[in-house]
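Trainee: What follows is a predicted structure for the sequence shown.
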Amino acid sequence: MSVKQILTTGHPALRVKAKKIKRVDPAIVKLIDDLLETMHAANGLGLAAPQIGVSLRVLVIEIPEDKDDPHSGERVVLCNPEVINAEGEQVGEEGCLSIPGYVGIIRRAKKVTVKGLNRKGKEVRVKGEGLLARALQHEIDHLDGILFTDRLEKPGDLFRINEQHEREAVFPNAGERKQRASAPMIA
Ligand code: ZN
């Protein structure tokens with residue numbers, strides 16, 4: 001395992017549609033472990049292979065411990081993920097390890113069911129709601145070369161964020177200047 005460099009916005013690898021893996025072989029297991037270690041080192045809750053420059057459809061997610069989250073502490077590893085069901089709507093803050101220092105207000109499905117291969121190469125279905133649903137959609141977007149900023153509905157929905165998780169409007173007169181926020185999802 002090793003901590004890899006996370007590519008940031010502007011790097012062309014983030015904009016490529018990643019390829020499906022053929023099977024979960026030892027090289028893919030190593031990729032999964034590198035993604036987990038890199039995600040932990042960066043304090044993110046999700047990471048997709050293109051973010052470390054590997055154009056394969058592999059993602060990892062780890063939901064922080066939180067008694068109010070039905071997925072508290074859950075770890076998800078998926079290869080070749082496919083959304084097979086999406087329901088409802090949630091609008092909330094979202095950030096990205098590849099776009100450091102910013103969060104956006106992004107609309108996502110509230111619940112998703114995703115099928116894919118786990119770390120053992122077995123086909124699994126992952127049902128997620130709330131934060132896990134958001135993270136799954138965010139990471140699958142990475143596999144298609146899509147960043148959260150592509151999904152902003154208006155420029156005023158993008159904020160700079162500081163270490164205290166306070167956000168500040170990127171565009172003056174966007175309405176909301178500074179607001180105390182809880183730690184946003186960064187993945
Ligand atoms: Zn991201």
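Mentor: Structure's in. What do you need?
Trainee: what's the helix or strand for P64?
Mentor: In this structure, P64 sits in neither a helix nor a strand according to DSSP states H and E.
Trainee: which residues touch it?
Mentor: Residues near P64 by C-beta atoms under 8 Å, 6 or more residues apart in numbering: L45, S72, G73. No exception for glycine: its C-beta is placed from N, CA and C like everyone else's.
Trainee: Which residue, other than its chain neighbours, is closest to the last one?
Mentor: The reference is to G73. Distances taken as C-beta to C-beta, 6 or more residues apart in numbering put E65 closest to G73, at 5.0 Å, once the chain neighbours are dropped.
Trainee: Test my guess that that neighbour contacts H71.
Mentor: No. The pair E65 and H71 does not pass the contact test of C-beta atoms under 8 Å, sitting 10.4 Å apart.
Trainee: Looking at these two now, which is surrounded by more residues?
Mentor: Using other C-beta atoms under 10 Å as the criterion, E65 and H71 rank with H71 on top: 21 against 9.
Trainee: Alongside the ion, which residues does the chain contribute?
Mentor: Taking C-beta under 5 Å from the ion as the contact definition, the chain meets the ion at C96, A187.
Trainee: which one's the longest strand in the chain?
Mentor: In terms of residue count, the longest strand belonging to the chain (DSSP state E) is strand 75-87.
Trainee: who touches that strand?
Mentor: Where contact means C-beta under 8 Å, 6+ apart, the residues beyond strand 75-87 that reach it are 20-21, 24, 28, 32, 36, 56-63, 109-119, 121, 124-126, 128, 132, 136-137, 139-140, 143.
Trainee: Try it again at 6 Å.
Mentor: When contacts are taken as C-beta atoms under 6 Å, 6 or more residues apart in numbering, the neighbours of strand 75-87 outside the stretch itself are 20-21, 32, 57-62, 109, 111-119, 126, 140.
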